[in-house]
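Undergrad: give the three-dimensional model of this entry:
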Amino acid sequence: MEKIRVNLGDENSHNIYIGYPLEKIAENLKFEIFGNKIIILSDKNVFSLYGENLKKNLKNTGKKIKEIVIQPGEKQKNLKTVLNIIEKLLEFQVNRDDLILNLGGGVISDIGGFVASIYMRGIKYGNIPTTLLSQVDASIGGKTGINMEKGKNLIGSFYQPVFIYIDLKTLSTLPYREIKQGLSEIVKYGVIKNKDIFEKLEKIQIEELEENFEYLVKESIKIKVNIVEKDEKEKKGLREILNFGHTLGHGIEISNLKRFSHGEAVYLGMLGESFISYKKGICDIDIYKRIKELGEKFNFLTTYEKINIEILVNFLKYDKKIKKEKLRFVLPEKIGKCKIGVEIEEQEIIRILKELKNAEKN
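TA: Here you go, the predicted model:
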């Protein structure tokens, strides 16, 4: 069990507890300062696994416990879902000093954090991430948001949780497709900041992942926390490095929601962006090859064969990372180091990605 402090210099500072059993969370919550109600926000799949036991344990806090359970999936990240949740909060007479407890993956922390940020101009929330993706990325950093038809997280806010509890045992219930979602983000951390993470993944096999989760989760969190502490609201440009793979990845995901998960889309994004980096003379072709080989070992899709490049690039026009109508990329220089803020014209992106597509056929 380990505690990592997120130091933000004000009331937004909070702790991340790694390896903390779900059944013991109530013991710690007794010492947290908030109102008389805890509202558990979860989806049907996660709540069926952990919801009732968590409710039972939380009753030891002496608070009134209620739950709001929504359908699972990325499609729930919309305004209709947000308004439905707010209606429930009003029905439960939730006040500004009460707590929303997000139990689930990245979709739940994104929606729950956003609702908490706008309900009564802001109430407290905590995260209990149950997927690898949410444990290493989505639940950390205070980014909240919902999707629009033309892009991911186009409506959102920066709003920090009051705590994050991570029980690594929840990962044992996940199918491998869900594990890959988080694994994609872990690869990202290795490429942008820590070559040891990347090299560790190069050495181990799929069946050895579980015994390495503690190391991979902990080291990934340390990287994200370090970046968030320096640039919480993306005003200094430092947090931009976390977007590696996500510029192309979000375009791939939003244009192919039925085909690719977030993690699969981001992995393709990292491949495309590393190839762009090679063509721009920023890195050697070896970087692209290593990311591709690692993806093949862990059963990621590593080809742009089924991607319509023109449609993908058209969706990039709605990306939040555009500045002065120019697309900005995070491009690897080597494993463990990236160059941020690389501006590339639309037609050049199309040309390079088509070249990548043709190269895959040879």
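
Undergrad: so what are the domain limits for the protein?
TA: Using automatic domain parsing, the domain parsing of the chain gives 2-173, 185-361.

Undergrad: is it possible to get JSON lines of those that adds mean pLDDT?
TA: Converted to JSON lines, the domains of the chain look like this (pLDDT from 0 to 100):
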{"stretch": "domain 2-173", "mean pLDDT": "94"}
{"stretch": "domain 185-361", "mean pLDDT": "92"}
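
Undergrad: what's the closest of the ones you listed to residue 179?
TA: With respect to residue 179, and counting by C-beta to C-beta, the nearest of the domains of the chain is domain 2-173 at 5.5 Å. C-beta coordinates here come from the backbone N, C-alpha and C atoms, glycine included.

Undergrad: kindly check the end-to-end length of the closest one for me.
TA: End-to-end distance of domain 2-173 (C-alpha to C-alpha, to the nearest Å): 22 Å.

Undergrad: got a list of what residue 233 touches?
TA: Counting by C-beta atoms under 8 Å, 6 or more residues apart in numbering, residue 233 touches 158, 239.

Undergrad: tell me how many other residues crowd the spatially closest residue to residue 114 that is not a sequence neighbour.
TA: The shortest distance from residue 114 to any non-neighbouring residue, by C-beta to C-beta, 6 or more residues apart in numbering, is to residue 144 (3.9 Å). As a burial measure, residue 144 scores 26 neighbours (other C-beta atoms under 10 Å).

Undergrad: centre of the chain to stretch 157-170, how far?
TA: 12 Å (C-alpha atoms, centre = their mean, to the nearest Å).

Undergrad: list the buried residues for that stretch?
TA: 158, 159, 160, 161, 162, 163, 164, 165, 166, 167, 168, 170 (16 or more other C-beta atoms under 10 Å).

Undergrad: stretch 180-198 too?
TA: Result for stretch 180-198 [16+ other C-beta under 10 Å]: buried residues 180-194, 197-198.

Undergrad: that older thread, surely the residue nearest to residue 114 is in a strand?
TA: Yes: Residue 144: assigned to a strand according to DSSP: H, G, I helix; E, B strand; the rest coil.

Undergrad: wait, it sits on residue 160?
TA: No: counting by C-beta atoms under 8 Å, residue 160 is not a contact partner of residue 144; they are 9.6 Å apart.

Undergrad: what is the neighbour count of residue 88?
TA: If we define neighbours as other C-beta under 10 Å, then residue 88 has 18 of them.

Undergrad: ok, residue 109 next?
TA: 29.

Undergrad: with residue 341 instead?
TA: 14.

Undergrad: contact partners for it?
TA: By C-beta under 8 Å, 6+ apart, the neighbours of residue 341 are 237, 240, 328, 330.

Undergrad: equivalent analysis for residue 195, please.
TA: So residue 195 contacts 334, 335, 336 (C-beta under 8 Å, 6+ apart).

Undergrad: surely the second one is in contact with residue 193?
TA: No: between residue 335 and residue 193 there is no contact under C-beta under 8 Å: 10.0 Å.

Undergrad: any idea how far residue 15 is from residue 347?
TA: 47 Å (C-beta to C-beta, to the nearest Å).

Undergrad: okay, these two: which has more neighbours?
TA: Neighbour count, other C-beta under 10 Å: between residue 347 and residue 15, residue 15 has more, with 16 against 9.

Undergrad: can you tell me how far the closest residue to residue 116 other than its chain neighbours is from residue 79?
TA: Closest residue in space to residue 116, ignoring its immediate chain neighbours: residue 125 at 3.8 Å, by C-beta to C-beta, 6+ apart. For residue 125, the distance to residue 79 equals 19 Å [C-beta to C-beta].
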